[in-house]
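Peer 1: Quick one, structure for this:
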Amino acid sequence: MDLNGYRDEAGAFLAALGKDNSGIQEKVDLLEAELELLKKVKEEPDRLRHQIYDMLFILFEIASESGFDLNGEWEIGRKRKSEKYLSC
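Peer 2: Here you go, the predicted structure:
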């Protein structure tokens, strides 16, 4: 599945919960809480993997609510990184 597919899956999940327009700030707050948990479990691979998943899902929720084209943004970011760090 591509990034927009995951964005759409997260959006469908939120819609099923009736929370598809709950606001970005709520999701940012959740993301901050998940980051704090990530810091606490960084030495525990199983919990770390789960925290990364949770954070990614929240990011996909934000992208869904905002209507972002993640595939396009990934390509733009990939090009910028290559030009910035790999070009001499």
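Peer 1: pLDDT weak spots in this structure?
Peer 2: Applying pLDDT under 70 to the chain flags the ranges 88.
Peer 1: what residue is smack in the middle of it?
Peer 2: Residue closest to the mean C-alpha point of the chain, counted by CA atoms, centre = their mean, is Leu59 at 2.4 Å.
Peer 1: nearest residue to it other than its sequence neighbours?
Peer 2: Excluding the flanking residues, the one nearest Leu59 by CB to CB, 6 or more residues apart in numbering is Leu31, at 7.2 Å. All C-beta atoms are positioned from the backbone trio N, CA, C, and that covers glycine.
Peer 1: quick one, strands of the protein?
Peer 2: Counting by DSSP state E, the chain yields no residue ranges for strands.
Peer 1: neighbours around the closest residue to Leu14 other than its chain neighbours, how many?
Peer 2: Counting by CB to CB, 6+ apart, Leu14 lies nearest to Asp20, which is 4.3 Å off, once chain neighbours are set aside. The tally of other residues near Asp20 (other CB atoms under 10 Å) stands at 15.
Peer 1: What's the separation between the residue nearest to the centre of the chain and Leu86?
Peer 2: Leu59 is 25 Å from Leu86, where distance means CB to CB, to the nearest Å.
Peer 1: again, but for Leu48
Peer 2: Taken as CB to CB, the span from Leu48 to Leu86 is 28 Å.
Peer 1: which of these two has more neighbours?
Peer 2: Taking neighbours as other CB under 10 Å, Leu48 and Leu86 compare with Leu48 leading, 15 against 7.
Peer 1: Hmm, the more buried one is touching Val41, no?
Peer 2: Yes. Using CB atoms under 8 Å, Leu48 makes contact with Val41 at a distance of 5.3 Å.
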